[in-house]
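# below: sequence and its predicted model.
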Amino acid sequence: MTDSSAATVAGWTAPGWEGVRDVFEANFAKGLEVGAGFSCYHRGAKTVDLWGGVADVETGSPWEEDTLMLVFSTTKGATAICANRLVQQGLLDPDAPVAEYWPAFGRNGKDEITVAHILSHQAGLAWVDGSMTAEEALSWEPVIEALENQHPAWEPGTRHGYHATTYGWLVGEVIRRVAGTSVGTYFAEQVAGPLDLDFWIGLPESQESRVGRLISFIPPSVSMDTLAAEAAGEPDPVIEMFKAFLGPETPLGKALFAPGFALADADIWNSRAMRAAEVPAANGVTDARSIARMYAACVGEVDGVRLLTPSQVTEATRQRTEGPNFVLLDMDVQFGLGFMVHSSMMPIGSPQSFGHFGAGGSVGWADPDAELAFGYVMNRMDIGLAGDNRSLDLMNACYAAAR
């Protein structure tokens, strides 16, 4: 493993924002990072753009200014922006049944599930029965057909449970039917293009050489086979711990690896096949500055571009859920129209703040009251599903600088 305490940090901060760099460098000095990037926008202008460390521990290649990373569920924020743009244009009604836009979806007790239900993780479709090969899971139509035939796991609207992967196909298919194009294409044309973002849902092969390598938080000894197997002899405490949270019969395990446990293989998330596909809940590939710039354009104007109107931001961030999250181990994680919103698990900034975390630690977040937007990406995944102190400390340093 590369010595992260000696990592080279590059980039810049605006005058008065030097404390953010201090925190970024401290994360490396404490051994918390291998490679990472962080960016912040304040009042529509970039104030922090930092990167450093090693992008790929197998080759030793450094994290460069143009390094990209797969950001797991931070992708959901980008997909939510696409859906909310269609809402603000009057093309998508969050209170309408999904079946109004996607008729076959209404099968098997799903005819009253609304667009708001799928955006806020209340649809009861956090997994699908059966399994698929990785090839099937990455080719769109097999997953859509499985979701059409799926019975909800709970009565829609009565509880919320994180739709860790199915969110992307559910919301993405609605976007495809309303906009007439895939979510990756819609995002490229309506969001990434106007803002000149390095952000893709479905990465072009021409960008492959820029992508860093993820470092899983799951030990190599822990596989889906070991999680499913009965312990022989003395149980391994590490395997037993992961089995309790991520086993194939747990709600979180089923949700994280839907629509098939072929996606539980850590290597697939570092593969060209995964990055080339469109998995709008989990396979966005981007950098920190693009995430920050995207969220800045949700809460203000960035170089003449604004993605969401103030009224749509208010509607998108209105809390639609309450109580513990059934899938996320009963944690207090609450949702608006596709975005995570302020809660005891997300105590960031003002009550109006919103965004989305990704497995391992990446995040995109905005605070309309403070006029701040953040992006953080990294390759060393931490065990948390809702961020960790690396990004929280960086964002707190930005709040201190903005005062």
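Looks like it arrived, so ask away. What you see is a predicted model; the values in this text were computed from it and never measured.

# so where is this protein shaky, pLDDT-wise?
Residues of the chain meeting the criterion pLDDT under 70: 1-6, 218-246, 261-262, 264, 384-387.

# again, only using 90
1-7, 130-131, 216-254, 256-267, 328-330, 344-347, 383-388, 403 (pLDDT under 90).

# if you count residues, where's the longest strand of it?
strand 45-56 (DSSP state E).

# who are the packing partners of that one?
Using 3 or more C-beta pairs under 8 Å, 6 or more residues apart in numbering; DSSP states H and E, the elements in contact with strand 45-56 are strand 9-13, helix 18-29, strand 35-42, strand 61-62, helix 288-299, helix 389-402. (C-beta placed from N, C-alpha, C; glycine too.)

# show me where this structure has its strands.
9-13, 35-42, 45-56, 61-62, 69-70, 199-200, 285-286, 334-335, 340-341, 354-357, 363-367, 372-378.

# would you format those as TSV with mean neighbour count and distance to Trp140 included?
Formatted as TSV, the strands of the chain follow (neighbours: other C-beta atoms under 10 Å; distance: least, C-beta to C-beta, whole Å):
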stretch	mean neighbour count	distance to Trp140
strand 9-13	16	37
strand 35-42	29	30
strand 45-56	22	29
strand 61-62	16	32
strand 69-70	27	18
strand 199-200	25	16
strand 285-286	26	17
strand 334-335	25	24
strand 340-341	25	25
strand 354-357	29	22
strand 363-367	29	24
strand 372-378	30	25
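
# quick one on the thing from earlier: within the sheet, what are the partner strands of the longest strand of the chain, with directions?
Neighbouring strands of strand 45-56 in its sheet, by DSSP bridges, are strand 9-13 (antiparallel), strand 35-42 (antiparallel), strand 61-62 (antiparallel).

# out of those, nearest to Arg159?
strand 35-42 (34.9 Å; C-beta to C-beta).

# between that closest one and strand 363-367, how many degrees?
Strand 35-42 and strand 363-367 are oriented at 10 degrees to each other (axes from the mean of the first three to the mean of the last three C-alpha atoms, to 10 degrees).

# and the angle from strand 35-42 to strand 372-378?
170 degrees.

# what's the angle between strand 35-42 and helix 18-29?
Going by the same axes, to 10 degrees, strand 35-42 makes 160 degrees with helix 18-29.

# how far does strand 35-42 sit from its chain's centre?
Relative to its parent chain, strand 35-42 has a centroid offset of 16 Å by C-alpha atoms, centre = their mean, to the nearest Å.

# can I get that strand as CSV, trimmed to CA atoms?
What follows is strand 35-42, C-alpha atoms only, in CSV (Å, rounded to 0.1, in the frame of the first residue of the first chain):
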residue,chain,number,x,y,z
GLY,A,35,-6.3,9.3,-3.6
ALA,A,36,-9.0,11.9,-3.5
GLY,A,37,-10.4,15.1,-4.8
PHE,A,38,-12.5,17.9,-3.2
SER,A,39,-14.1,21.0,-4.6
CYS,A,40,-16.4,23.8,-3.4
TYR,A,41,-18.5,26.5,-5.0
HIS,A,42,-19.7,29.6,-3.1
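
# contact partners for Pro259?
Trp127, Val128, Gly130, Ser131, Met132, Glu136, Ala137, Pro142, Val143, Ala146, Thr165, Thr166 (C-beta atoms under 8 Å, 6 or more residues apart in numbering).

# and the residue lying closest to Ala55 once chain neighbours are set aside, how far is that from Gly284?
Excluding its sequence neighbours, the residue lying closest to Ala55 (C-beta to C-beta, 6 or more residues apart in numbering) is Gly212, at 3.6 Å. Applying C-beta to C-beta, to the nearest Å, the value for Gly212 to Gly284 is 14 Å.
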